[in-house]
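> Here's my sequence, what's the structure:
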Amino acid sequence: MKRIPTLLLTSVMAMVALGCGASRSMGDNSPPIPKESASAPALQRSLFSRDLTGSVSEHDIQTILGSRVELGFPARMGVVVLGEPFRAESAASIDQHSMIGPAMVRALDASPYVSHITDISTGLPNPQGIEGLRTIAARYRVRYLLVCHVAAEDGSHLNNWAWLYPTVLGFFMAPGVTVGSHGHVEASLLDVKTGTVQFTTMEPFESSSVTWVIGSSRHHEQQDAKALQNALDALARSVLMQMERVAKWEKNQEKSPAHTEPEDLALR
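Coordinates of the predicted model:
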């Protein structure tokens with residue numbers, strides 16, 4: 001009878017030993033935790049397709065996201081104003097060109113991150129799309145393009161004064177039209193070398209005014225121009241702030257490339 005407890009204790013100890021061995025074996029077979037490389041290479045060229053789709057393979061996506069950012073500041077930069085975002089073949093209106101281009105050039109001219117700033121003409125031959133912008137930028141020999149675009153919707157409508165329009169005097173004397181627009185102006189910093197975008201910043205604007213039906217179109221344009229000018233002042237400050245942030249991020253990346261803070265990931 002005394003041998004039964006001894007055999008039972010021996011069996012329990014053997015089972016515990018087997019369990020520990022199995023756990024060690026499972027731990028040895030687990031894959032190693034990958035570590036971020038401290039010397040990730042910088043992207044040296046665009047990995048996107050040169051057609052209008054701008055497609056990219058899964059492997060190239062991972063290559064782009066895993067590469068180190070190399071800004072090359074101070075750099076030559078151009079300002080281009082488009083009718084549609086990132087469409088080299090889409091021309092903006094003359095009014096937008098005359099307002100946005102000079103405003104952005106003046107704002108960036110004194111920036112320590114810009115060695116030379118120039119307006120960009122989209123009249124040069126190009127294959128359209130982003131590749132068209134890169135082709136034009138190469139002719140200007142600029143490393144970066146500040147791609148600007150205005151998106152707006154017309155909110156004009158007849159107001160309560162329009163009830164007087166059936167009368168002859170009411171049509172000419174009553175301010176029965178409310179003209180206005182709402183939208184935003186945006187600017188994106190395109191890296192011509194790699195085809196990637198460093199940042200995009202937007203500023204909203206809105207205009208509204210009561211006027212007469214005769215001459216309402218001209219009045220509408222004037223109100224929109226005032227609202228857009230105010231938005232451009234804020235946009236210029238935002239662009240300079242974003243450039244300063246990405247420049248600081250690049251310096252922090254060089255100091256500690258193997259460690260990425262959450263706020264740094266947001267800038268990517």
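> So, low pLDDT: which residues of the stretch 1-150 of the chain?
For the stretch 1-150 of the chain, residues meeting the criterion pLDDT under 70 lie at 1-39.
> could you pull out the strands for it?
Using DSSP state E, counting those that start in this stretch, the strands found in the stretch 1-150 of the chain span residues 75-82, 114-119, 144-154.
> Put the alpha carbons of the shortest one into CSV.
Right, the one you point to is strand 114-119. The C-alpha trace of strand 114-119 is given here as CSV (Å, rounded to 0.1, in the frame of the first residue of the first chain):
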residue,chain,number,x,y,z
VAL,A,114,13.6,76.8,-50.3
SER,A,115,16.7,77.7,-52.2
HIS,A,116,14.8,79.1,-55.2
ILE,A,117,11.1,79.5,-55.9
THR,A,118,9.4,79.9,-59.3
ASP,A,119,6.0,79.9,-61.0
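> Assign a three-state SS to the residue most central in space within the chain, would you?
Centroid check for the chain by C-alpha atoms, centre = their mean gives residue 200 as the closest residue, at 2.7 Å. Put simply, residue 200 is strand when judged by DSSP: H, G, I helix; E, B strand; the rest coil.
> ok, and the closest non-adjacent residue to it?
residue 188 (4.2 Å; C-beta to C-beta, 6 or more residues apart in numbering). Just so you know, the C-beta spots here come from the backbone N, C-alpha and C atoms, and that holds for glycine as well.
> cool, residue 230 as well?
Closest to residue 230 by C-beta to C-beta, 6+ apart is residue 205, at 6.7 Å.
> How many neighbouring residues does the one you found have?
21 (other C-beta atoms under 10 Å).
> Quick check: which of the strands of the stretch 1-150 of the chain is nearest to residue 108?
Evaluated with C-beta to C-beta, those place strand 114-119 nearest to residue 108, the distance being 4.8 Å.
> and the closest one, how far from the chain's centre?
Chain-centre distance of strand 114-119: 20 Å, with C-alpha atoms, centre = their mean, to the nearest Å.
> Each with direction, which strands does that strand pair with?
Sheet partners assigned to strand 114-119 using DSSP bridges are listed as strand 75-82 (parallel).
> Tell me what angle the strand it pairs with forms with strand 144-154.
20 degrees (axes from the mean of the first three to the mean of the last three C-alpha atoms, to 10 degrees).
> and the biggest helix by length in the chain, which residues are buried?
Taking DSSP state H as the criterion, the chain has its longest helix at helix 216-255. Residues of helix 216-255 classed as buried: 216, 219-220, 223-224, 227-228, 231-232, 235-236, 238-240, 242-243, 246-247, 249-250, 253 (neighbour count, 16 or more other C-beta atoms under 10 Å).
> repeat for stretch 122-130
Within stretch 122-130, the residues that count as buried by 16+ other C-beta under 10 Å are 122, 126, 129-130.
> The helix or strand hosting the residue nearest to residue 200 - which strands sit beside it in the sheet, and in what orientation?
Using DSSP states H and E, residue 188 sits in strand 177-191. Neighbouring strands of strand 177-191 in its sheet, by DSSP bridges, are strand 144-154 (antiparallel), strand 157-158 (antiparallel), strand 196-211 (antiparallel).
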